[in-house]
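Enquirer: Need a 3D model of the following:
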Amino acid sequence: MQGSSLLQMHHIEKRFPGVLALNGVDFELRKGEIHALMGENGAGKSTLIKVLTGVYQKDGGEIVVDGESVSIRSPQDAQNKGISTVYQEITLCPNLTVAENMFIGRESGAWIRQKQYEKRADELLGRLKIPARGGQQLGSCSLAVQQMVAIARAVDMKCKVLILDEPTSSLDDNEVNMLFELMRSLKKQGVGIIFVTHFLEQVYAVSDRITVLRNGELVGEYLTEELPQVELVAKMIGKELDELSSLKEVDEKKTKEQAVLYEAKGLSSTEALPFDFKIRKGEVNGFTGLLGSGRSESVRAIFGADKVTGGEVRMKGQSAKISRPIDAMKAGIGYLAEDRKRDGIIAELSVRENIILALQVLNGFFKPISRSESEAFADEYIKVLNIKTASRETPVGSLSGGNQQKVILARWLLTHPDYLILDEPTRGIDVGTKLEIQKLVLKLAEEGVSVTFISSEVEEMLRTCSRLIVMRDRHIVGELKGDELNQEQVMRTIAGGDAKNGQ
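Expert: The predicted structure is shown next:
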């Protein structure tokens, strides 16, 4: 039963150099409710949570807890005020017992009192119906139970506000149901829960209200039962259902006549559920869905970037074993990763050294590319892609984000791939460079290169792709092509598509 207001955040502002991350955001949490905080990547969810928990100091606005205006200076300060957070990544100590994790930092750990701690832990675990024992080593518990132990710790610390930040991303269906039962139990006890997740079905399974943020601003607050999934998707993406984007003209007959270049059946990895997929020569297709839908995990499985655990792959009609990136590269597949700083550029190396990296790997390090060859390659692609750099020897880390992205593109183009996977190639770069990359993708397709394109911006996908694979909760839920390629149909499929293995 939902009660009176527990937490209010009024007109919250947070600025970073050159960025207004939160612009007058309001948020309310009531006693005994589960409130979903929703929004795409960069919407402001994490910033709002960090302001609430004292990680960041707000630049404007007011926070009210139990009717009293408060100033939260640190995470410990937040905890003292009854605000606790359980993150996606477990922050407890797996080598200690469950009881030790629950009381560490708050009680003396003397051996003589160990049994008392274990008894107290067992009582709380039993009351919350958590399948663990106080004397059990935490590392022997499943991820779901470890999450629940972290929640039990927060409950024992008399938390009023419990923030669950992507708690289900690594859990299976049974574990998710266990966690939901605990959340419902805490709700009955009057705890207010802020639930941050990208899984739409879970939002509708457990939440009472939904607050949507977009681009650092409040879109609105809604009763879950009164907000259809398709409207939630529309509010998160920022388009109304009657808004249609311009479509790229596609000669479907020509596409259908092209031979299948790559085909996977039942492909799975440690991060991707089994799926079927194929792409034809010269086709531009894409995986679309909200952040966390499984789109990036799917293409990482295709490239062997995550450990492949099953499935059959054919490349140019021939059976192929692709379990590592080097296998994919030798098969003619290139991959521009979602996180260019972590998985793309090597910031300390020059533009030239970054461009020749993939070709050097293919050649083998016992067959080094000569200095004159590498200079010629670098000069060619700096010119072709209009890379703005002082020289080919400039450290790539000193370039703008858009020019870093062009350097990674040059790296893969130099290998002359048959199939190029581009995951968020235009994220964080200026509009002009975005258009350059989109035109390059279409030009490559005209030359016979197959391209899988992923972008958080649906309009960009519609301008570029002739076929979209729609994903939700790590499952393929639909395929769109031809007249179906419009903003409304994408959102409807994300919101209401039926899970399927292939397309």
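
Enquirer: chain center to stretch 153-168: distance?
Expert: Its chain's C-alpha centre and that of stretch 153-168 lie 22 Å apart, by C-alpha atoms, centre = their mean, to the nearest Å.

Enquirer: And stretch 358-366, by the same measure?
Expert: 31 Å.

Enquirer: Can we start the residue count at 47 from this point?
Expert: Let's use 47 as the start, then, which means that last one is stretch 404-412.

Enquirer: And that stretch, what's buried?
Expert: For stretch 404-412, burial by neighbour count (16 or more other C-beta atoms under 10 Å) applies to Ala404, Leu405, Gln406. Where C-beta positions appear, they are placed from N, C-alpha and C, glycine not excepted.

Enquirer: Which members of these occur in helices, if any?
Expert: Ala404, Leu405, Gln406 (DSSP state H).

Enquirer: Roughly how far does the first one sit from Val442?
Expert: Distance of Ala404 to Val442, computed by C-beta to C-beta, to the nearest Å: 14 Å.

Enquirer: With the second one instead?
Expert: The gap separating Leu405 from Val442 is 16 Å, by C-beta to C-beta.

Enquirer: hmm, back to that, right, and out of the ones in helices among the buried residues of stretch 404-412, which lies closest to Thr257?
Expert: Distances from Thr257 to those, taken as C-beta to C-beta, are shortest for Ala404 (43.5 Å).

Enquirer: The closest one against Met375, yeah?
Expert: Yes - using C-beta atoms under 8 Å, Ala404 is in contact with Met375, at 6.7 Å.

Enquirer: Can you check which residues contact both of the two?
Expert: Listed as contacting both Ala404 and Met375 by C-beta atoms under 8 Å, 6 or more residues apart in numbering are Thr461.

Enquirer: And the next helix or strand past the helix or strand of the chain with the lowest mean pLDDT?
Expert: Ranked by mean pLDDT, DSSP states H and E, the weakest helix or strand in the chain is helix 298-303, scoring a mean of 58. Elements were assigned by DSSP states H and E; along the chain past helix 298-303, the next helix or strand is strand 306-315.

Enquirer: quick one: secondary structure of the nearest residue to Ala200 once chain neighbours are set aside?
Expert: Spatial nearest neighbour of Ala200, chain neighbours left out: Ser130 (3.6 Å); criterion: C-beta to C-beta, 6 or more residues apart in numbering. For Ser130, the assignment made with DSSP: H, G, I helix; E, B strand; the rest coil gives strand.

Enquirer: How much space separates Ser130 from Pro471?
Expert: Taking C-beta to C-beta, one finds Ser130 at 39 Å from Pro471.

Enquirer: ok, those two, which is more surrounded?
Expert: Pro471 (27 against 23; other C-beta atoms under 10 Å).

Enquirer: How is that one assigned, secondary-structure-wise?
Expert: Counting by three-state DSSP, the backbone at Pro471 sits in coil.

Enquirer: and Glu86, helix, strand or coil?
Expert: Applying three-state DSSP: Glu86 is coil.

Enquirer: shaky segments in the stretch 447-549 of the chain?
Expert: 474-478, 543-549 (pLDDT under 70).

Enquirer: for the stretch 197-346 of the chain, same thing?
Expert: Short version for the stretch 197-346 of the chain, where the test is pLDDT under 70: 285-303.
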